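Student: dropping the sequence and predicted coords here.
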Amino acid sequence: MDRDVTVALEPAAEASPRPLALTPGEDLLGFVGAYLGRALLLVVTCTSVLVVFLILVFVVLRSVPFLGGYDLTKFLASQDWRPTADDPSFGALTLIVGSIYVSVAALVFAVPVGILAAVFLSEIVSWKVRNVVKPVVEILAAIPSVAYGFFAILVLAPWLQEHFGFTTGTNALNAALILAVMALPTIISVGEDSISALGRELREASYSLGATRLETVVKVVIPAAHSGLIAAVVLGMMRAIGETMVVWMASGNATQIPHPWWDLSQSIRTMTATIAGEMGEAPDIGGVSHRSALFAVGVILLLMTVVLNVISEYFLSRAKKAAGKT
Amino acid sequence: MKTMLVSVLLLLVGGVAAPAETLQIEGSTTVGPIADAFAGYFKTVYPDLQITVNQTGSGDGAAALIDGRCDIADMSRFMKADEFAKAVGKGVLPVAHVVAMDGVCVVLHPSNPVSALTKAQIRDIYAGKITNWSQVGGVNALIVAISRDTSSGTYETFETLVMAGQKMGPGVEYVNSNPQAQARVKTTQGAIGYVGLGFVDSSVKAVKVDQILPTRQTITSGTYPVARPLFMFTNGYPKLGSMVHKFCTFYLTEKGQELVEAKGFVPLTDY
């Protein structure tokens, strides 16, 4: 038996043109090839990291002349944004408040709907329905934001004026509603994933203790998936705060803080809209200028998204750990 | 491999040796439609010509001309002193061609009974001093002042000709194109906006400014107070007979006048 095998192998080995041992040249080539391949992949991976880094450096560098030469408390606390006046003043408070205001308002609409939809998709409907509905919801994320913007200005704005008697239809409510729709796919998708990632055991244990479906969802599933749900909400907020075209078209862009603060029917202006709308005509001159002020606004925006990103990463990793444990 | 390289090189050389004639046009969204209409006509007459018209804004157009990124800069305002200085510093000598006139019309919702305003009243509305239509002889309704974005030439013209140093009030809304301004006024009862004459139709109502209604006659004659010339800027006067020259003087032809009119602007010629 043993002998037969060797006999059978020998002709094959002889037929192979390839010697068993590599020549030093081939060995070296293989060695270099493997390292070159790794190096290439490393470079490709680093490029994206590098791009993020370069954007950060670029934005910060271009804002330095402004941040160094302008009164920072005035920049952050004044409501007077008149960059093109003869005696310009760069008070970005209305813009910062506008960005946060409209994003938070969007979340007020999007979070209940999004989380309920996530629970519905993962807990209640059949797998078949879920597999149809989830991709459709995700298509919402693929609609170009300018299309949302047109809808906001041509359909939603007149509709709000007619049905709610607002003096102006392009206002914080309009922008918040559209942003809510845009944040929904993120919230539903990430939320549904984190709820689905929970093990069967949790639900079965709950049912076996006599809990109803509602009790199981409210008292067991949602608390257990809270890390992932928080991450979903934070990601949705990032989507809303970074959105430009929609807020530029839907929010009215008035540089004011709503008064009283809960009055969503007033026009507001966000940081993103300001940068997009004004960069084209801001001359590139050194020192404290309109352009460097816009870059400084960009730095604030970047800081906000970085903070939100860190928060969402923290909760996402917690969600992963929690899912791993069960 | 070598033959491939050689053929690629040959192709490149061939491409350089016989370039398709190109015309790069950049700038104002107000002048853009005129340039677009001209470009459309030029494409039918010179099928080999490659024309690109980018509508970004007057400031972008000036910057592109200064950097040599375009042959013609569309501008709805004259070049600013610092832009001019920068251009000359880079060896670019901007020459202005006035291709048409534009009236910045103040428009209201058709249901608004107000039909005439003074420049001072319009200024006070945009400055936030007048907030209710009843203060200028209208019904008791809040005014929604709609302005173009600060990077548009239309804004610049309005600001210089109407605002005269006054600051825009905090409640003024901003939109980023003439059609959007028109759409907002069309759908908002208390709205006041300003657009080029080409964007005034039956869905909005143009008001008399200082007792003068914006029409072709009042704008070309200079009696309408909020009118301005529209420019195409080139680097030096273009070589006679060149494509740039043909393009910049096309407004003088009968076809050019027809296209300017079709876009709702006021032509300088009268065939």
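Tutor: Everything's here; your move.
Student: tell me the secondary structure of B:Val104, please.
Tutor: Secondary structure state of B:Val104, per DSSP: H, G, I helix; E, B strand; the rest coil, is strand.
Student: ok, now which ones touch it?
Tutor: B:Thr154, B:Thr157, B:Phe158, B:Leu161, B:Tyr194, B:Val195, B:Gly196, B:Val226, B:Ala227, B:Arg228 (CB atoms under 8 Å, 6 or more residues apart in numbering or on different chains). For the C-beta atoms, the positions are set from N, CA and C on the backbone; glycine is no exception.
Student: what does A:Ala322 give?
Tutor: Residues in contact with A:Ala322 (CB under 8 Å, 6+ apart) are A:Ala224, A:Ala225, A:Ser227, A:Gly228.
Student: try 6 Å this time
Tutor: A:Ala322 makes contacts with A:Ser227, as judged by CB atoms under 6 Å, 6 or more residues apart in numbering or on different chains.
Student: dihedrals phi and psi, B:Leu23?
Tutor: Per-residue torsions, B:Leu23: phi -140, psi 110 (degrees, to the nearest 10).
Student: ok now the longest helix seen in chain A, how far from the chain's centre?
Tutor: What stands out as the longest helix in chain A, according to DSSP state H, is helix A:24-69. Relative to the centre of its chain, helix A:24-69 is centred 23 Å away, using CA atoms, centre = their mean, to the nearest Å.
Student: which one of the contacts of B:Val104 sits closest to A:Asn309?
Tutor: Closest to A:Asn309 out of these is B:Thr154 (38.5 Å), distances taken as CB to CB.
Student: residue ranges with poor pLDDT in the stretch 101-250 of chain B?
Tutor: By pLDDT under 70, the low-scoring segments of the stretch 101-250 of chain B are B:153.
Student: that one: strands as residue ranges?
Tutor: B:116-117, B:144-148, B:173-175, B:191-196, B:205-206, B:208-209, B:227-235 (DSSP state E, counting those that start in this stretch).
Student: what about the residue in the stretch 51-200 of chain B that chain A sits nearest to, how many residues close to it?
Tutor: Across the stretch 51-200 of chain B, no residue is closer to chain A than B:Ser151, which sits at 3.2 Å (CB to the nearest CB). B:Ser151 has 24 neighbours, counted by other CB atoms under 10 Å in any protein chain shown.
Student: also A:Thr305?
Tutor: A:Thr305: 14 surrounding residues under other CB under 10 Å.
Student: swap in A:Lys128?
Tutor: Neighbour tally, A:Lys128, other CB under 10 Å: 8.
Student: so which bits of the helix or strand it falls within are buried?
Tutor: Taking DSSP states H and E as the definition, A:Lys128 sits inside helix A:127-139. Judged by neighbour count (16 or more other CB atoms under 10 Å in any protein chain shown), helix A:127-139 contains these buried residues: A:Arg130, A:Val133, A:Lys134, A:Val137.
Student: ok, the first one - contacts?
Tutor: Under the criterion of CB under 6 Å, 6+ apart, the neighbours of A:Arg130 are A:Leu121.
Student: repeat that with 8 Å
Tutor: A:Leu121, A:Ser122, A:Glu192.
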